[in-house]
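just need the structure, nothing else, for what follows:
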Amino acid sequence: QVQLQESGPGLVKPSQTLSLTCTVSGGSITSSDYFWSWIRQPPGKGLEWVGLIADDGSTYYSSSLKSRTSISRDTSRNQFSLQLNSVTPEDTAVYFCAGFDTDWSSVYWGQGTQVTISS
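Below is the predicted model of the structure:
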């Protein structure tokens, strides 16, 4: 069973960089069976896709966040990470990491982590 766990600071100051890491177990981030994504949910709003990283390290980002977003990975630790630059209070959200079977048959969610942007 694939399991994911987010980690990172819960409070970030405006204009700084939000950094989160997702640790994956039960599946390899370099396996062609999966791709890996960051998704967020602002308070009172729906889910918003942030971006993904594929098994070969290719990355794809939401057009609205692309200029501020970077997703990277550490294959030795089976982790992938999110960096969101120049954050504002509008970036306050619960951030989830998720893994998807490449045939879309299953999705695996982390528990989510609250990140608040505030001075």
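
show me what the residue nearest the centre of the chain is bridged to.
In the chain, the residue lying closest to the centroid (Cα atoms, centre = their mean) is W38, at 2.6 Å. Per DSSP bridges, the residues bridged to W38 are G51, C97.

tell me the pLDDT of it.
W38 is assigned a predicted lDDT (pLDDT) of 98.

also W104?
Predicted confidence (pLDDT) for W104: 84.

ok now stretch 11-18, how far from the chain's centre?
Relative to its chain's centre, stretch 11-18 lies at 16 Å (Cα atoms, centre = their mean, to the nearest Å).

next, the buried residues of that stretch.
V12, L18 (16 or more other Cβ atoms under 10 Å). C-betas here are computed from N, CA, C, even on glycine.

send me that stretch as CSV with only the CA atoms.
C-alpha atoms of stretch 11-18 as CSV (Å, rounded to 0.1, in the frame of the first residue of the first chain):
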residue,chain,number,x,y,z
LEU,A,11,3.7,29.1,9.3
VAL,A,12,5.5,31.1,6.6
LYS,A,13,5.9,34.9,6.4
PRO,A,14,4.6,36.8,3.4
SER,A,15,7.2,37.2,0.6
GLN,A,16,9.1,34.2,1.8
THR,A,17,9.3,30.7,0.3
LEU,A,18,7.0,27.8,1.3
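
I'm done for today, thanks for sticking with me.
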